[in-house]
Structures are given as structure tokens and as C-alpha cells.
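Novice: Fold the following.
(chains A, B, C and D)
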4 protein chains.
Amino acid sequence: MKPENLSAIVDIEVPFHDVDMMTIVWHGHYCKYFEIARCALLTQFNYNYPQMRDSGYSWPIVDLRIRYVKPAYFGQILSVRATLVEWENRLKIEYLIFDKLSGQKLTKGYSIQVAVDMTTQQMCFESPKILFDKLGL
Amino acid sequence: MKPENLSAIVDIEVPFHDVDMMTIVWHGHYCKYFEIARCALLTQFNYNYPQMRDSGYSWPIVDLRIRYVKPAYFGQILSVRATLVEWENRLKIEYLIFDKLSGQKLTKGYSIQVAVDMTTQQMCFESPKILFDKLGL
Amino acid sequence: MKPENLSAIVDIEVPFHDVDMMTIVWHGHYCKYFEIARCALLTQFNYNYPQMRDSGYSWPIVDLRIRYVKPAYFGQILSVRATLVEWENRLKIEYLIFDKLSGQKLTKGYSIQVAVDMTTQQMCFESPKILFDKLGL
Amino acid sequence: MKPENLSAIVDIEVPFHDVDMMTIVWHGHYCKYFEIARCALLTQFNYNYPQMRDSGYSWPIVDLRIRYVKPAYFGQILSVRATLVEWENRLKIEYLIFDKLSGQKLTKGYSIQVAVDMTTQQMCFESPKILFDKLGL
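Specialist: Here you go, the predicted model:
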């Protein structure tokens, strides 16, 4: 499997506690939806947060973008797709959220993570070998 | 200062993201308000979470009770008081939230924490010496 | 179906964003887990938050208790069971969280809600007729 | 006062519940920090969420960008500055988070909101007159 093809889809039912007084999902909660899909994606190549930590690298998010096309509501079933689009120097993942029933696009965005050596606390300007190993490259 | 007198008060302005579609503060967010006051209280005797961890004990919450007397709203200023009421075998803290302007009582509750030895992962049936030292007992 | 038998079970995989610096689920997030199970239970008799609102009653939580038996960790699969135990004067729901794989009990608790007439903002000392209708009583 | 000069600064002490298992503030919580500063800014010209709603317009966020320069830690005091940079067709607010003590820059970002007519649910391609009135233009 080439990394280009790596993606994961998770379904999330909007819980009551994610909805604000305008009766729509509060914009900040999409960070959680993205993350649940991102972790499902990272698990596919066995490099989720615990494995990152065990490999001596933390991978903090350094850039996040969210574009809100349509609001989401309490009880709605969201499908969240995370796709790996860059890995050589940093981990860039793109997200698309759509309504599971209608297929209508609701939200899109991306996150960028970089490796940080947990011993030196230095940011790596290239992804460490462990990532390539995990990706089978 | 005797531990009986130990209490802390913090003021919190209800943020937009804590209000639900019924236009009141979602009940689960009071755990955060309690915690902010609890940490202010623990800081008074220099035994907040980092000091707990450095002392070799985690102090997980094992019991939590919240009683909601009146709802709170976006922008309202809440005063949260945390009072230490037990320390010999466990740490019991009582909370009272009231409207800062009117003084009206909104919420009350308590939390109970027990020491867990981080080396053995065993729960302590008496509070460890470090707590008494911190409390000046 | 008698109300005594009403219960719902949902499975929740602990997300990264629910875990604190002690590497366990932060105690306040269990309010969310309880709520997801509670809403699944309310949906069984077609009286979830939107139906409550449409019926002219809000049902704020007035009392919440959580007892933490064992901690939960990132990626763990939790089964959350919500059971209706009182309905005549108030809605009392009990919760039990257990590890899905081992069956080990992790957390238990309850919530109590009372009907509030949304027109008068008065609390009802008996559950309104609509609840009994929904429960088929 | 010209809108170009409109900005607000709020101080936030990082609470325990915002810190993740990597012991840094979880990236999604910055949405909350931005919002607290944004609401302080909107209050300056008396057009915060309740006034928006009363004016017949909701102003959902349609675009959000966060760039993480340095991590933040439990107990750190953050200063969050929100500055109004666009208002004619949409509300664009820029954010800068810095460490209160050292002045070191930690995070920056922006949010974009557009007016939505709450009667027709149509997005407005120009900001409605009420915004200009509130801004004294």
C-alpha cells in the first residue's frame, strides 16, 4: 500500500454536549472530530500517539485549518474522512466531514504535525526514519 | 493556619462554549469550575497536581457529587468557593458556586480524592505524610 | 415493556483529547459518556432533548453523582449502560461503565432530572403526563 | 475610535483539564482561548453573541486557522489578543497568544465569520447595517 492511498473514515453522532446556544455544533468541537479520524488513520500504520511516544518523538500539531461549509446539528451522523497527503518532512492530513445520510459536504480542513525529538526537544526538519518504516517505504 | 480554615474563591465568567442549546451552562462543565477552584486551593498549601506528581502520589478523584440549584447563563460571573473539609485519610473538598453580583447560590458539591502510590499503583488508606507536611500539621 | 426494564448500552472508544497529563481519562469527561448513554436511553422511548423541548418541558439535571472505581486509558473501549430507575416525580437514571473486553467495572453513578415548564419556568413536583405517555404507562 | 484600532486582551491561566498526556495544552483548546478574547472584543462595541442574535443575524465561523509556535503548559498565564481586521463583508479577527511573563509568542491565528439572516437562513455577502452602526461607522 502506498501512503497516497492512506485514509480512514469514522462515523460520529453529534452529542448534545457539542451543540451551542445557536443550536449548531460549536466550531471548536470539530478539532475533536478531526482527531478521532486522524487517530484511526494513524492506527492503520501502527503509529498512533502511544507508538509515537514510544518511538521517542512527539508530533505536535503546528498548523490547523478548518473551513465550515454547513452547520451540523444534534443527533446528526457525521462521516469524517482523514487522508494522509504529506509525510516526507512533516505529517499533513486532510479532513472532509460529510453528512452520512445525504453525502452533503459540511466541513473540510487539514492539520500539520512535525516530529519533535523528545530527548532534545528539537524539531526535526525531516520526518524521522521510524515514520518511513511504519509507512512501509 | 489550621486546615479547617482552608478555602479559595475564584471568579469565572461563563464563556460562550460552555452554554448548551437550552441556553444554560451544560451540567458537565461545572467539573471544570470546581477544578479551577480546587487547584487554587491546593496551590495555597503548595500541593497542586505537579507537586502531587513530584511527591510520588497521584490523587485521582474517586467520588464527585454536584447539585444544581439554579442554572447559569452566558456572560454571568460565577464565584466558586472550594473548602478543604477532610484530609486525614482522603482529600474531601466542598464547593459552592454563587452568582457574584447577587450572591445567589447556584450549585454545590464535593469531590473526594485518595492518594495512589505511583510506584506500586496501590491506593493509600491513609493520607501520606507529605500531605500533613504541606498542611503544616 | 415496563419502564423497569428500560436500559441502553453504548460503546465509546476513549479519544486522545479526553486523557489528562496523568495519562488517564480526566474525571469530568465521564459526564459526556453518561450523557451519550442517557440520550440513547431517552431515544428508546422517543423523549430525547428535542422531544422534551417540543413538549414544553426542559429537564435540567439537578443532581449528579459519579464514583470512580478504576481509571480508563486512551484507546480503551468503554461500555456505558444507562438504566431508568425512577420516573414518577423525577427522572433518575443509573449508569455503569465497564471495560468492554474484560467486563471489569470502572465507573458508576446516577443523574436526576426534573421537569421544568418552559412557559412559567416553574419546576414540576410530579413528572408531566407526556412522560407517562412516552413510557406507555 | 476607528475599527482598525479595535482589539482586546484577556489573560487565561491554563487549567489542568486543558492539558493532554503529552503534558501540553491540547491543540483544540485554543479555540476556547481565541473565543474568550473574541467575545471581549465584540463586547467592546456591544455586539457579542446575544446582541447578534437579537439583531436577527447569527455570525457563524466559516474559517479558522491556528498556528502553534510553542506549546503551553499547566498553570502558565497566557495573554490572548484579538484584533478586528476586516468588517465590510465579513468579520475577520486575528489572534496572538503570548506568555504573559516573558512576552514570548506562542500561538497565532484568525477566524472569519459571516452574517446569516436568521429569518431566511441566507448568508449575507455584505455585513449588515447593524454592524456598521455598532462600529460607529
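
Novice: So which residue is smack in the middle of chain A?
Specialist: A centroid search over chain A (C-alpha atoms, centre = their mean) returns A:Arg38, at 3.0 Å, as the residue closest to the centre.

Novice: Distance of that one relative to chain D?
Specialist: 11 Å (C-beta to the nearest C-beta, to the nearest Å). Backbone N, C-alpha and C define where each C-beta goes, glycine included.

Novice: Please give me every residue in contact with A:Leu101.
Specialist: Applying C-beta atoms under 8 Å, 6 or more residues apart in numbering or on different chains to A:Leu101 gives the contacts A:Ile77.

Novice: Name the helix or strand for the residue nearest to the centre of chain A, please.
Specialist: helix A:30-44 (DSSP states H and E).

Novice: Make sure the residue nearest to the centre of chain A is actually in contact with A:Thr83.
Specialist: No - judged on C-beta atoms under 8 Å, A:Arg38 makes no contact with A:Thr83 at a distance of 10.1 Å.

Novice: who in chain A is up against chain C?
Specialist: Neighbours of chain C within chain A, by C-beta under 8 Å from any C-beta of the partner chain: A:15-17, A:31-32, A:35-36, A:39, A:48-50, A:74-75.

Novice: Among these, which one sits closest to chain B?
Specialist: Each of the residues of chain A next to chain C was scored against chain B by C-beta to the nearest C-beta, and A:His17 proved nearest at 5.4 Å.

Novice: which sections of chain A are below the confidence cut-off?
Specialist: For chain A, the stretches flagged by pLDDT under 70 are A:1-2, A:4.

Novice: can you pull the contacts of the residue of chain A most remote from its centre?
Specialist: Note on chain A: the largest C-alpha distance from the chain mean falls to A:Met21, namely 26.7 Å (C-alpha atoms, centre = their mean). By C-beta under 8 Å, 6+ apart, A:Met21 lies in contact with B:Phe16, B:Val19, B:Asp20, B:Met21, B:Thr23, B:Phe74, D:Tyr49.

Novice: so it is in which element?
Specialist: Per DSSP H and E, A:Met21 falls between elements, in no helix or strand.

Novice: Any chance of the backbone angles for it?
Specialist: phi -70, psi -10 (degrees, to the nearest 10).

Novice: Quick check: the gap between it and B:Trp26.
Specialist: In this view, A:Met21 and B:Trp26 are 10 Å apart by C-beta to C-beta, to the nearest Å.

Novice: where do the contact lists of those two overlap?
Specialist: B:Val19, B:Asp20.

Novice: Give the other helices and strands that the next helix-or-strand element following the helix holding A:Arg38 contacts.
Specialist: Using DSSP H and E, the helix or strand that follows helix A:30-44 in sequence is helix A:49-54. With contacts defined as 3 or more C-beta pairs under 8 Å, 6 or more residues apart in numbering or on different chains; DSSP states H and E, the packing partners of helix A:49-54 are helix A:30-44.

Novice: Determine if any part of the helix it packs on is in contact with chain B.
Specialist: No - legend: contact between helix A:30-44 and chain B by C-beta under 8 Å from any C-beta is lacking; minimum distance shown is 11.8 Å.

Novice: quick one, the helix holding A:Arg38 and helix D:30-44 angle?
Specialist: Between helix A:30-44 and helix D:30-44, the angle comes out at 170 degrees (axes from the mean of the first three to the mean of the last three C-alpha atoms, to 10 degrees).

Novice: packing partners for helix A:30-44?
Specialist: In terms of contacts (3+ C-beta pairs under 8 Å, 6+ apart), helix A:30-44 is packed against strand A:7-13, helix A:49-54, strand A:61-68, strand A:77-86, strand A:91-99, strand A:105-113.

Novice: So which bits of it are buried?
Specialist: Buried residues in helix A:30-44, counted by 16 or more other C-beta atoms under 10 Å in any protein chain shown: A:30-42, A:44.

Novice: related to what we said a few turns ago, name all residues that make contact with the residue nearest to the centre of chain A.
Specialist: Taking C-beta under 8 Å, 6+ apart as the test, what A:Arg38 contacts is A:Ala82, A:Ile93, A:Tyr95, A:Ser111.

Novice: Which single one of those is nearest to D:Ile66?
Specialist: Distance to D:Ile66 across those (C-beta to C-beta) is lowest for A:Ser111, with 9.6 Å.

Novice: The closest one reaches A:Asp63, doesn't it?
Specialist: Yes - counting by C-beta under 8 Å, A:Ser111 touches A:Asp63, with 7.0 Å between them.

Novice: The two: which has the busier surroundings?
Specialist: Per other C-beta atoms under 10 Å in any protein chain shown, whichever of A:Ser111 and A:Asp63 has more neighbours is A:Ser111, with 22 against 17.

Novice: Bridged to that one, which residues?
Specialist: A:Leu64, A:Ile93 (DSSP bridges).

Novice: Now for it: which residues touch it?
Specialist: Neighbour list for A:Ser111: A:Phe34, A:Arg38, A:Ile61, A:Asp63, A:Leu64, A:Arg65, A:Lys92, A:Ile93, A:Tyr95 [criterion: C-beta under 8 Å, 6+ apart].

Novice: So what's the residue count around the fifth one?
Specialist: Looking back up the chat, that one is A:Leu64. Close neighbours of A:Leu64, defined as other C-beta under 10 Å, add up to 24.

Novice: What distance do you get for it to chain C?
Specialist: From A:Leu64 to chain C the distance is 13 Å (C-beta to the nearest C-beta).

Novice: and if you look at the fourth one?
Specialist: Summarising the geometry, the distance separating A:Asp63 from chain C, computed by C-beta to the nearest C-beta, is 18 Å.

Novice: Can you tell me the closest non-neighbouring residue to that residue?
Specialist: A:Ile112 (4.0 Å; C-beta to C-beta, 6 or more residues apart in numbering or on different chains).

Novice: Do I have it right that that neighbour meets A:Leu84?
Specialist: No - judged on C-beta under 8 Å, A:Ile112 makes no contact with A:Leu84 at a distance of 11.8 Å.

Novice: Indicate whether stretch A:114-131 makes contact with chain D.
Specialist: No - for stretch A:114-131, no contact with chain D is found by C-beta under 8 Å from any C-beta; the gap never falls below 9.1 Å.

Novice: in that stretch, what's buried?
Specialist: By 16+ other C-beta under 10 Å, the buried positions in stretch A:114-131 come out as A:Val114, A:Ala115, A:Val116, A:Cys124, A:Ser127, A:Ile130, A:Leu131.

Novice: Helices - which of these land there?
Specialist: A:Ile130, A:Leu131 (DSSP state H).

Novice: just the contacts of A:Ser111 now: which is nearest C:Val69?
Specialist: When those are compared against C:Val69 (criterion: C-beta to C-beta), the nearest one is A:Arg38, at 30.7 Å.

Novice: Might you enumerate the residues of chain A proximal to chain B?
Specialist: Residues of chain A lying close to chain B by C-beta under 8 Å from any C-beta are A:Phe16, A:His17, A:Val19, A:Asp20, A:Met21, A:Thr23, A:Trp26, A:Gly28, A:Phe74.
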